[in-house]
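Engineer: okay, here's the prediction I keep looking at, along with the sequence it came from:
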Amino acid sequence: MTSEIGARALHVLETVFGYPAFRGQQADIVEHVASGGDALVLMPTGGGKSLCYQIPALLRDGVGVVVSPLIALMQDQVDALEEVGVRAAFLNSTQTFEETLRIERLVRSGEIDLVYVAPERLLTQRCLELFDVSPISLFAIDEAHCVSQWGHDFRPEYIRLSVLHERYPGIPRIALTATADLQTREEIAHRLQLDDARKFVSSFDRPNIRYSIVEKTTGRKQLLDFISSEHPQDSGIVYCLSRKKVEETADFLNEHGIRALPYHAGMEYSQRAANQSRFLREDNITMVATIAFGMGIDKPDVRYVCHLDLPKSLEGYYQETGRAGRDGLPASAWMAYGLQDVVLQRRMIDESEADETFKRVLSMKLDAMLGLCETLSCRRMRLLDYFGERSGPCGNCDTCLIPPIQVDGTVPMQKLLSAIYRVDQRFAAGHVIDVLRGAQTERISQWHHDKLTVYGVGADRSEQEWRAIVRQAIALGFVTVDHDAFSSLKLTDAARPVLKGEQKVQLRQYQKPVKAKRPSSRAAGSYEELELSRSEQAIFERLRTWRMGTAREHGVPAYVVFQDATLREIAKVKPGSLDALRGVSGVGEKKLVSYGDEIVAIINEMM
């Protein structure tokens, strides 16, 4: 950044936020918006989106208005800004009338740098009239993918945010999201009237996250083994499809020594808020939740995100897994996936009240999700390709670390397709597999399926092997699941050339699930992890203890005081003076004044 605005932006970055340099496209975005330009920003979770509107708001005259759908998190966002000396506030329904009047006066007089509002609040006549007479520096629309009717987080209020362009044409707007394929990007630009805005699309790659997908066998037991072996002292998130499963999984983990809290929309608001607050403020807690939880969660040290049920789309999967490792340190994205997940998701689509066009879109998104689960290549390559980004093998996902064996699966696939056809495409996977394996069941006898030519032709394979083949058949588009009461398997037109021997099929060779070894602490990627010696680790732990006590005194999450990455660097550098501490990433001038003497005292005490 060579311009005057660029120099001022860098000064704010260093003195207020404590970072020595911008990352990626941050500098260009900040300079563009601070100069009065509109922008659409796509940047992965943990990439530093907030700075892209916070710094321009500090550089421009007036108040920066941040539109956020997350009332429950506004307090934490404001606390984090106040910790670095930024004058920030929010306007939402949790405030008293007197507090609302006070904040409105500050906005009207320009005595505040940033104000957070929910879209519902912004669209009220009272709020719009407030902004009409206030000095507004910019509008930032966070979680902009909520505008997409095709998306997984659609919020109808977002569509009406085009009013900002119509009512305040001279004020720059910046829309930001971590998740959007090409179709969603175009929809965001169109609906928010940002067609002429400059578009900044960063890499979707999160090299510090290790993606792993395992065949679901025992479900919760597999989850427990994963957390116990790989992240026993870490914070994490576990996603489940139903509220009941959330409750049962949280209870199961607690019974086995993992501190877990439930979160779903069916809980009382006060209990949800209390659980979310504990998760943000305490270490070593696992949040078990539906997808109602997570948007905007800024906790940087979430070390794992697990899925016990198949997500509906790659957008949802990417956004949810992206909540792990926001600090750039190694993190895990783990999923247990089985045939029943596919059947359930297909049924949910078929039984939904959406029109046929929307159902086709949902089916396409589910197909892409299945493709990731069943891929024979690098999972990261497959994920990035979905968002239009080319890459090579990452060397860090499960398929790179333990490459699946690819085999000619034409014959077993023909057996499966033939069995589905011979039972008149009227039965679910379990019965088809029983026929293939030559099982003796009441239903097989009742329907005389033991007389079929395909009866017993797959007896050389286990039930789990056949289930894996069925999953791949669905992922490859040869088989679909009917929405009838039986979840019957049906052949598609794509199955015909396989049955006729005109098309070969490559399958992933079935391998019995094995307990994974704990991975190396260093994940592949472009970031540098600060590995600590024994003495440095002792300093780090002492700093974490101090941080927890300080955070409790201030009533804020621990990461708002300092992130783990900053404490690690302090432990590594061992600053014996305030000047030495000033150069540590994440230590701005306000935090140096607030905490510098205490940190230096701890370092000198332990040296």
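Structural biologist: In hand now; what should we look at? Residues are numbered from 1 along each chain as shown.
Engineer: doesn't residue 326 make contact with residue 209?
Structural biologist: No: here residue 209 lies out of contact with residue 326, judged by C-beta atoms under 8 Å, at a distance of 10.2 Å. All C-beta atoms are positioned from the backbone trio N, CA, C, and that covers glycine.
Engineer: ranges for the helices of the stretch 501-607 of the chain?
Structural biologist: Taking DSSP state H, counting those that start in this stretch, the helices of the stretch 501-607 of the chain run over residues 534-554, 558-561, 564-573, 578-582, 589-606.
Engineer: nearest to residue 117, out of these?
Structural biologist: With C-beta to C-beta as the measure, helix 558-561 is the member of the helices of the stretch 501-607 of the chain nearest residue 117 (20.9 Å).
Engineer: mind listing the helices for the stretch 1-150 of the chain?
Structural biologist: Counting by DSSP H, counting those that start in this stretch, the stretch 1-150 of the chain has these helices, from start to end: 4-12, 26-34, 51-59, 71-83, 97-109, 119-122, 125-132.
Engineer: could you list the residues in contact with the shortest one?
Structural biologist: Residues external to helix 119-122 that are found in contact with it (C-beta atoms under 8 Å, 6 or more residues apart in numbering): 65, 67, 69, 91-93, 127-128, 155, 157-158, 160-161.
Engineer: with the second one instead?
Structural biologist: Applying C-beta under 8 Å, 6+ apart, the contact partners of helix 26-34 are 1, 3, 5-6, 9-10, 22, 39, 41, 48, 51-53, 55-56, 59-60, 138, 172, 174, 198, 200.
Engineer: repeat that for 6 Å
Structural biologist: By C-beta atoms under 6 Å, 6 or more residues apart in numbering, the residues outside helix 26-34 that reach it are 1, 5-6, 9, 39, 41, 48, 51-52, 55-56, 59, 172, 174, 198, 200.
Engineer: who wins on neighbours among those?
Structural biologist: residue 174 (30 neighbours; other C-beta atoms under 10 Å).
Engineer: ok, how many other residues are close to the nearest residue to residue 167 once chain neighbours are set aside?
Structural biologist: Spatially, and ignoring its direct neighbours in sequence, residue 167 is nearest to residue 128 (6.7 Å; C-beta to C-beta, 6 or more residues apart in numbering). By other C-beta under 10 Å, the residues close to residue 128 number 14.
Engineer: so what pLDDT did residue 128 get?
Structural biologist: With respect to pLDDT, residue 128 scores 96.
Engineer: again, but for residue 181
Structural biologist: 74.
Engineer: residue 363 too?
Structural biologist: With respect to pLDDT, residue 363 has a value of 86.
Engineer: and it, which of the three is it?
Structural biologist: helix (DSSP: H, G, I helix; E, B strand; the rest coil).
Engineer: returning to what we had before: which of the helices of the stretch 501-607 of the chain sits most buried?
Structural biologist: Ranked by mean neighbour count, the helices of the stretch 501-607 of the chain are led by helix 558-561 with a mean of 23 (mean count of other C-beta atoms under 10 Å).
Engineer: thinking again about what came up before, mean pLDDT for the helices of the stretch 1-150 of the chain: which is lowest?
Structural biologist: Taking the mean pLDDT of the helices of the stretch 1-150 of the chain, helix 71-83 comes last: a mean of 87.
Engineer: quick one: closest of the helices of the stretch 501-607 of the chain to residue 498.
Structural biologist: Among those, helix 564-573 comes nearest to residue 498, with 51.0 Å by C-beta to C-beta.
Engineer: that closest one - contacts with which helices or strands?
Structural biologist: If you count contacts as 3 or more C-beta pairs under 6 Å, 6 or more residues apart in numbering; DSSP states H and E, helix 564-573 packs onto helix 534-554.
Engineer: give me the mean pLDDT for the helix it packs on.
Structural biologist: Mean pLDDT, computed over helix 534-554, is 92.
Engineer: measure how that helix sits relative to helix 71-83, angle-wise.
Structural biologist: Put simply, helix 534-554 runs at 110 degrees to helix 71-83, going by axes from the mean of the first three to the mean of the last three C-alpha atoms, to 10 degrees.
Engineer: what's in contact with helix 534-554?
Structural biologist: Helix 534-554 has contacts (C-beta under 6 Å, 6+ apart) with 532, 558, 561, 562, 567, 568, 571, 572, 602, 606.
Engineer: what angle separates it from helix 589-606?
Structural biologist: Computed with the same axes, to 10 degrees, the direction of helix 534-554 lies at 130 degrees from that of helix 589-606.
Engineer: send me helix 534-554 as PDB with only the CA atoms.
Structural biologist: The C-alpha coordinates for helix 534-554 follow below in PDB (Å, rounded to 0.1, in the frame of the first residue of the first chain):
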ATOM      1  CA  ARG A 534       9.100 -27.500  27.300                       C
ATOM      2  CA  SER A 535      10.000 -24.200  29.000                       C
ATOM      3  CA  GLU A 536       8.000 -22.200  26.400                       C
ATOM      4  CA  GLN A 537       5.100 -24.400  26.900                       C
ATOM      5  CA  ALA A 538       5.200 -23.700  30.600                       C
ATOM      6  CA  ILE A 539       5.100 -20.000  29.900                       C
ATOM      7  CA  PHE A 540       2.200 -20.500  27.500                       C
ATOM      8  CA  GLU A 541       0.200 -22.400  30.100                       C
ATOM      9  CA  ARG A 542       0.900 -19.700  32.700                       C
ATOM     10  CA  LEU A 543      -0.300 -17.000  30.200                       C
ATOM     11  CA  ARG A 544      -3.400 -18.900  29.500                       C
ATOM     12  CA  THR A 545      -4.200 -19.100  33.200                       C
ATOM     13  CA  TRP A 546      -3.700 -15.400  33.600                       C
ATOM     14  CA  ARG A 547      -5.800 -14.800  30.500                       C
ATOM     15  CA  MET A 548      -8.700 -16.800  31.900                       C
ATOM     16  CA  GLY A 549      -8.700 -14.800  35.100                       C
ATOM     17  CA  THR A 550      -8.500 -11.500  33.300                       C
ATOM     18  CA  ALA A 551     -11.300 -12.500  30.900                       C
ATOM     19  CA  ARG A 552     -13.600 -13.400  33.800                       C
ATOM     20  CA  GLU A 553     -12.900 -10.000  35.400                       C
ATOM     21  CA  HIS A 554     -13.800  -8.200  32.200                       C
END
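Engineer: just how off-centre is that helix within its chain?
Structural biologist: Chain-centre distance of helix 534-554: 28 Å, with C-alpha atoms, centre = their mean, to the nearest Å.
Engineer: and if you look at stretch 375-394?
Structural biologist: Centroid separation for stretch 375-394 versus its chain: 17 Å, with C-alpha atoms, centre = their mean.
Engineer: between the two ends of it, how far is it?
Structural biologist: One end of stretch 375-394 sits 14 Å from the other (C-alpha to C-alpha, to the nearest Å).
Engineer: ok, now stretch 415-431?
Structural biologist: 14 Å.
Engineer: can you give the contact residues for that stretch?
Structural biologist: Under the contact criterion C-beta under 6 Å, 6+ apart, stretch 415-431 has outside partners 339, 432, 435-436, 452, 454, 457-458, 469-470, 473, 486-491, 495, 499.
Engineer: in PyMOL, select just the buried ones from those residues.
Structural biologist: Under the burial definition 16 or more other C-beta atoms under 10 Å, those of these that qualify are selected in PyMOL by:
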select buried, resi 339+432+435+436+452+454+457+458+469+470+473+487+488+489+491+495
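Engineer: the contacts of stretch 415-431 in strands, which ones?
Structural biologist: Among the contacts of stretch 415-431, the members falling in strands (DSSP state E) are 489, 490, 491.
Engineer: tell me the one among those nearest to residue 180.
Structural biologist: Using C-beta to C-beta, residue 490 comes nearest to residue 180 of the ones in strands among the contacts of stretch 415-431, at 33.1 Å.
Engineer: just name the closest of the contacts of helix 534-554 to residue 396, please.
Structural biologist: residue 568 (20.7 Å).
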